[in-house]
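Engineer: sharing a model prediction with you, sequence too.
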Amino acid sequence: MSVPLIALFALALLPASVLAQGSAVDEIAKYRAALQDGNPAELWEARGEGLWKSPRGPKNVSLERCDLGLGPGVVKGAYAQLPKYFADADRVQDLETRLVFCMVTFQGFTDAEAKKGPFGGPGRKSDLEALVAYVAGQSRGVKMNVSQAHPREQEAYRLGEKMFYYRGGTHDFACATCHGDDGKRIRLQDLPNLSSTEGARKAYTTWPAYRVSQGELRTFQWRLNDCFRQQRFPELVYASDASIALTMFLARNANGAAFDAPAIKR
Amino acid sequence: MDTTRREWLKSGGGVTLFTLLAAAGWLKPDHALAQAWSKSAFEAKTVDEVEKALGIGAPAQSKDITFVSTPDIAENGAVVPIGIASAIPKTEAIAILIEKNPSTLTANFDIPAGTDPAISTRVKMAQTSNVYALVKADGKYYVASKEIKVTLGGCGG
Amino acid sequence: MPDPMKIRATLVGDSTEVKTIISHEMETGQRKDGQGKIVPAWFIQTVTATYAGKTVLSAQWGPAVAKNPFLAFKFKGGAKGEKVQITWVDNRGEKRTDEAVIG
């Protein structure tokens, strides 16, 4: 009778930190699970659908004539096969670059106008973020199938891979410094190993995402831009060949995994 | 454990929460909270504001108030999921109080007859804090609390 | 005109489950902008949900409710094809009403 009581008493005296260590990871998993129930990204998806279908710009036409790789106006499954070489642009393009191209070509915006304010903030909406959310959401459940058929696509992949391992900046960081191995962590944040197929799949299929800490829907261009900032690299120019190459490297490494975004993240 | 009874008793329990409630304007006899948005209630600061006992008494700790899908740790204080369910008969209102937030009272939900006395929402927490689920049922007050740890501040900058 | 909220109303047995995501900044009035100036508080103060002319939930909120707030609750009653309305009013006096068909 007294033995179980003593055991209970001893348990109660254990420092809270000992009990908490293993469970911290579990609790954070619970936090992430609890967030899944309602994703504010849906607000961006709804706005993006409106922007895709509305006539806009000096030419007052909608983006429904834009070819995202599966034919003009085909949005379903488009995100899962980007980036891709497009003959009309003579360039490998990711979704954001392609959207800018279509806004300029069909709607008559200038390149600067189309690229204005790519990342939203308080009181400042980004049309591109909304369009990305909408198009990405239409690839939910579709298996990643990025092509390497065209030589320019292969070239983009090789460049992206080189960039991934390239050390530079004031801290001599490469992407691989944080994301090139299993088991890395910054404070409570587990860092995915993006050089592994599993890591690349988990990461790439969950962007764009509503970033709780930003209070905004963030795109892959934003994610790369923010990584560069944290690496103390010069700014990664929006929709640049460099940004597309890195995207190609990670997207193609994610091939075979079902796309599942917009997601919700810390 | 959702209702942290041990901590409740250690912290002087009823007195602390009573102070919180008084400060949040919940113990005012006119209880304007249920009818309209009450500026004084939502601007009330926490434990250093003391009001005299208003005849209602400290809310009773209740095991019939549970936190549902409410994690112990929030990865970011900007968005903390809170779910509260009350099994107390004739529940009329559920309020969320966050002790260490700049203003104690976060939200109040009036539950009409026919609506489940359970709500799920998301709040901002400035730092690790006790969170109180305060229930008004049949004119009486009950409470349950839980500590939620926050790893990054969500209230400003 | 504030952005629309997303509302999902689902019949579960004899009850209607309502989930909504509201588009709103929910500024606390604590945050400073890039120039170091305080961004004024701007947040939803009241939320009212109705079905068949009856209030099924009413809430009073402070600025500590999260940005782009999520809300879920359940009420007895409802039928497929009927509508649930949600209205919010913020401290600037702006308001928004949206409705969803119970599915």
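Structural biologist: That came in fine, so what should we check first?
Engineer: show me where the chain has its strands.
Structural biologist: Just going to use chain A. Across chain A, reading from the start of the chain, the strands by DSSP state E fall at A:84-86, A:91-93, A:184-186, A:189-191, A:209-211, A:216-218, A:263-265.
Engineer: you looked at the wrong chain, it should be chain B
Structural biologist: Assigned by DSSP E, chain B shows strands spanning B:60-61, B:65-67, B:73-74, B:80-86, B:91-98, B:105-110, B:118-123, B:129-137, B:140-150.
Engineer: can you list these in a markdown table and add mean neighbour count?
Structural biologist: Yep, even glycine has a C-beta here, placed from its N, CA and C like the rest. Conversion of the strands of chain B to a markdown table gives the following (neighbours: other CB atoms under 10 Å in any protein chain shown):
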| stretch | mean neighbour count |
| --- | --- |
| strand B:60-61 | 15 |
| strand B:65-67 | 21 |
| strand B:73-74 | 26 |
| strand B:80-86 | 24 |
| strand B:91-98 | 24 |
| strand B:105-110 | 25 |
| strand B:118-123 | 23 |
| strand B:129-137 | 23 |
| strand B:140-150 | 20 |
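Engineer: how near is the residue nearest to A:K53 when sequence neighbours are not counted to A:R56?
Structural biologist: Leaving aside its sequence neighbours, A:K53 sits nearest to A:S62 (CB to CB, 6 or more residues apart in numbering or on different chains; 5.5 Å). The span separating A:S62 from A:R56 equals 7 Å under the rule CB to CB, to the nearest Å.
Engineer: ok, B:I73 next?
Structural biologist: Relative to A:R56, B:I73 is positioned 44 Å away (CB to CB).
Engineer: what is the neighbour count of C:N68?
Structural biologist: Using other CB atoms under 10 Å in any protein chain shown as the criterion, C:N68 is surrounded by 27 other residues.
Engineer: secondary structure class for it?
Structural biologist: At C:N68, secondary structure determined by DSSP: H, G, I helix; E, B strand; the rest coil is coil.
Engineer: who's in contact with the nearest residue to it once chain neighbours are set aside?
Structural biologist: Distance criterion CB to CB, 6+ apart; nearest residue to C:N68, sequence neighbours excluded, is A:P40 at 3.8 Å. When the contact criterion is CB atoms under 8 Å, 6 or more residues apart in numbering or on different chains, the partners of A:P40 are A:Y210, A:L217, A:I264, C:I21, C:S23, C:K67, C:N68, C:F70.
Engineer: does any part of stretch A:102-117 sit near chain C?
Structural biologist: No - using CB under 8 Å from any CB of the partner chain, we find that stretch A:102-117 stays clear of chain C, coming within 14.8 Å at best.
Engineer: can you give me the buried ones in that stretch?
Structural biologist: A:C102, A:M103, A:V104, A:F106, A:Q107, A:F109, A:A114, A:K115 (16 or more other CB atoms under 10 Å in any protein chain shown).
Engineer: wait, is C:M1 part of a helix?
Structural biologist: No - counting by three-state DSSP, C:M1 falls outside a helix, being coil.
Engineer: going by neighbour count, which of the contacts of A:P40 comes out on top?
Structural biologist: When neighbours are counted by other CB under 10 Å, A:L217 leads the contacts of A:P40 with 30 neighbours.
Engineer: how about that one, what does it touch?
Structural biologist: Here A:L217 is in contact with A:40-41, A:43-44, A:120, A:129-130, A:132-133, A:208-211, A:262 (CB under 8 Å, 6+ apart).
Engineer: so the residue sitting furthest away from the middle of chain C, which state does it fall into?
Structural biologist: For chain C, the residue at maximal distance from the C-alpha centroid (CA atoms, centre = their mean) is C:Q35, at 31.3 Å. Counting by three-state DSSP, the backbone at C:Q35 sits in coil.
Engineer: tell me where the chain is predicted with low confidence.
Structural biologist: Looking at chain A here, since you left the chain open. Where chain A drops to pLDDT under 70, the residues are A:1-22.
Engineer: that's the other chain; I wanted chain B
Structural biologist: Per-residue confidence of chain B (counting by pLDDT under 70) places the weak regions at B:1-40, B:44-58, B:152-157.
Engineer: how about the residues of chain C near chain A?
Structural biologist: C:3-6, C:19-21, C:23, C:25, C:27, C:39, C:67-68, C:70, C:72.
Engineer: for chain B, state which of those residues is nearest.
Structural biologist: Distance to chain B, by CB to the nearest CB, is smallest for C:A72 among the residues of chain C next to chain A, at 4.0 Å.
Engineer: next up, the contacts around the spatially closest residue to the closest one that is not a sequence neighbour.
Structural biologist: For C:A72, ignoring the flanking residues on the chain, the nearest one in space by CB to CB, 6+ apart is B:S120 at 4.0 Å. Applying CB under 8 Å, 6+ apart to B:S120 gives the contacts A:D37, B:V68, B:S69, B:P81, B:I82, B:G83, B:I84, C:F70, C:L71, C:A72, C:F73.
Engineer: likewise for C:T20?
Structural biologist: Neighbouring residues of C:T20 by CB under 8 Å, 6+ apart: A:G38, C:M5, C:K6, C:I7, C:R8, C:F70, C:L71, C:A72, C:I86.
Engineer: what's around the closest residue in space to it that isn't next to it in sequence, how many residues?
Structural biologist: Nearest in space to C:T20, with sequence neighbours left out and distances taken as CB to CB, 6+ apart, is C:I7 at 4.6 Å. The local packing of C:I7 (other CB under 10 Å) involves 20 other residues.
Engineer: over to C:K95?
Structural biologist: Applying other CB under 10 Å, we find 12 other residues in the vicinity of C:K95.
Engineer: before we move on, what about C:S58?
Structural biologist: Using other CB under 10 Å, C:S58 is surrounded by 21 other residues.
Engineer: returning to what we had before: now the residue farthest from the centre of chain C: how far from A:G215?
Structural biologist: Separation of C:Q35 from A:G215 (CB to CB): 19 Å.
Engineer: same question, C:Q85
Structural biologist: Counting by CB to CB, the separation of C:Q85 from A:G215 is 26 Å.
Engineer: of these two, which one has the most company?
Structural biologist: Neighbour tally, C:Q85 and A:G215, criterion other CB under 10 Å: the higher count belongs to A:G215, 20 against 15.
Engineer: okay, the nearest residue to that one once chain neighbours are set aside: pLDDT?
Structural biologist: Of all residues beyond its chain neighbours, the one nearest A:G215 is C:K67 (4.5 Å), with distances taken as CB to CB, 6+ apart. The per-residue pLDDT reported for C:K67 equals 97.
Engineer: ok, C:K67 touching C:I22?
Structural biologist: No - in this structure C:K67 lies outside contact range of C:I22 using CB atoms under 8 Å: 9.7 Å.
Engineer: ok, back up a step: how many other residues sit next to the residue nearest to A:K53?
Structural biologist: When counting by other CB under 10 Å, one arrives at 16 neighbours for A:S62.
Engineer: over to A:G256?
Structural biologist: The number of residues near A:G256, taken as other CB under 10 Å, comes to 10.
Engineer: now the one 4 residues further on
Structural biologist: Using other CB under 10 Å, A:D260 has 14 other residues around it.
Engineer: what's the answer for A:T177, then?
Structural biologist: By other CB under 10 Å, 15 other residues sit near A:T177.
Engineer: and if you look at A:T247?
Structural biologist: Burial of A:T247, expressed as a neighbour count using other CB under 10 Å, amounts to 27.
Engineer: look through the stretch 51-200 of chain A and state the residue closest to chain C.
Structural biologist: A:P122 (5.8 Å).
Engineer: apart from its neighbours in sequence, what residue is nearest that residue?
Structural biologist: Using CB to CB, 6+ apart and skipping the chain neighbours, the partner closest in space to A:P122 is C:E25 (5.8 Å).
Engineer: okay, how far is it across stretch A:58-66, tip to tip?
Structural biologist: By CA to CA, to the nearest Å, the extent of stretch A:58-66 from end to end equals 16 Å.
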